[in-house]
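> Quick one, structure for this:
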Amino acid sequence: ALLQSEQAVELEFEIRDPTNLFFELAAEVECDLELEGVVSRPDESALAFVNCVSDQQEKVLQATDRLDGIEAANILERADNTLVQLQVADHPLTTVLSDRGFILRKLWAEDDTRGRLTIEVPGTTDTRQAVNLISSQYQEAQLLAKHDTESSSELGDSSEKNILESLTHRQREVIETAYQCGYFDSPRSVTGGETAEMLDLSSATFHQHIRKVEKKLFERLLAGRTTTYPIPDVSSAD
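Predicted coordinates for the structure are as follows:
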């Protein structure tokens, strides 16, 4: 079934690390920051989408020029909020999490260089393995809470994995960036051309990638299925 529940565990940590780029940025602008999403790129750089809780996006944008590791930044007006999009040299946390099948759910940095991190791991995972992994990424990491939950994937882990693995790395980069930027919002927060520019693509190539991903998605969902649509009885209608 497409809609199925799989057991997962949600782990919440308190973390501290003044040398971490995300915390450096929060301390620099004296503003709490929330990481909304990260898109990894083939050259090991990443696009990070950051929400400034106190609506000081311009201040965040100015601070990025003073920090090593941030290659580019711009403000992104979305339908429901305003984000700062950062192109960073690397984002090792998302890489080590995805390599182990873990999912980053929340990363919050406070302006005094401490924050909260929430990850989701498969229910079969040894919690100590996840704790050791997070401890290796930050100067200080303390497990605060552990909750049993259902997998956040509506498709179920195996179905989602099959769909994502059918995409090329470039297709995943395009679709994830489009999603984070608000391309699929209604109304759209960005145009296809604007999203293509972020990815160093032509508008035509961007739309070609989008169509290919949509085709693969619907092929996975609908191939081999026969759907019967009931025909309403209108014979007794006035």
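
> Determine the number of other residues adjacent to residue 28.
16 (other Cβ atoms under 10 Å). Just so you know, the C-beta spots here come from the backbone N, C-alpha and C atoms, and that holds for glycine as well.

> which residues touch it?
The neighbours of residue 28, taking Cβ atoms under 8 Å, 6 or more residues apart in numbering as the test, are 63, 66-67.

> cutoff 10 Å now
59-60, 62-64, 66-67, 111 (Cβ atoms under 10 Å, 6 or more residues apart in numbering).

> Wait, residue 134 touches residue 100, no?
No: between residue 134 and residue 100 there is no contact under Cβ atoms under 10 Å: 11.2 Å.

> Could you name the helices and strands sitting against the longest helix that the chain contains?
Determined from DSSP state H, the single longest helix within the chain is helix 203-222. Helices and strands touching helix 203-222, by 3 or more Cβ pairs under 10 Å, 6 or more residues apart in numbering; DSSP states H and E, are helix 157-165, helix 169-181, helix 192-198.

> ok, and what's touching the particular helix or strand that has residue 76 in it?
Using DSSP states H and E, residue 76 sits within strand 70-77. For strand 70-77, contacts defined as Cβ under 10 Å, 6+ apart pick out 21, 24-25, 36, 45, 47-50, 52, 57-58, 60-65, 67, 82-89, 180-182, 189-190, 194, 198.

> so who does the nearest residue to residue 186 once chain neighbours are set aside touch?
Using Cβ to Cβ, 6 or more residues apart in numbering and skipping residues adjacent in sequence, the residue nearest residue 186 is residue 79, 7.6 Å away. Applying Cβ under 10 Å, 6+ apart to residue 79 gives the contacts 182, 185-189.

> Tell me the pLDDT of residue 79.
Looking at residue 79, its pLDDT reads 71.

> same question, residue 27
pLDDT recorded at residue 27 is 90.

> That one: neighbour count?
Neighbour number of residue 27 under other Cβ under 10 Å is 17.

> What of the one 3 residues further on?
Residue 30 sits with 13 neighbouring residues when counted by other Cβ under 10 Å.

> That one - nearest residue in space that isn't next to it in sequence?
Here the residue nearest residue 30, using Cβ to Cβ, 6+ apart, is residue 111, at 4.6 Å.

> Would you quantify the distance from the one you found to residue 186?
Distance, residue 111 to residue 186, using Cβ to Cβ, to the nearest Å: 34 Å.

> from what I can see residue 43 touches residue 88, true?
No: with contact defined as Cβ under 10 Å, residue 43 does not count as touching residue 88 (11.6 Å).

> In terms of neighbours, single out the busier of these two.
residue 88 (21 against 8).

> And the helices in the chain?
21-29, 57-63, 92-99, 127-137, 157-165, 169-181, 192-198, 203-222.

> Convert the fourth one to PDB, retaining C-alpha atoms only.
The C-alpha trace of helix 127-137 is given here as PDB (Å, rounded to 0.1, in the frame of the first residue of the first chain):
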ATOM      1  CA  THR A 127      20.100   4.700  19.700                       C
ATOM      2  CA  ARG A 128      23.700   4.800  20.900                       C
ATOM      3  CA  GLN A 129      24.900   4.700  17.300                       C
ATOM      4  CA  ALA A 130      22.900   7.900  16.600                       C
ATOM      5  CA  VAL A 131      24.100   9.600  19.800                       C
ATOM      6  CA  ASN A 132      27.700   8.800  19.000                       C
ATOM      7  CA  LEU A 133      27.300  10.100  15.500                       C
ATOM      8  CA  ILE A 134      25.800  13.500  16.600                       C
ATOM      9  CA  SER A 135      28.500  13.700  19.300                       C
ATOM     10  CA  SER A 136      31.200  13.400  16.600                       C
ATOM     11  CA  GLN A 137      29.700  16.400  14.700                       C
END
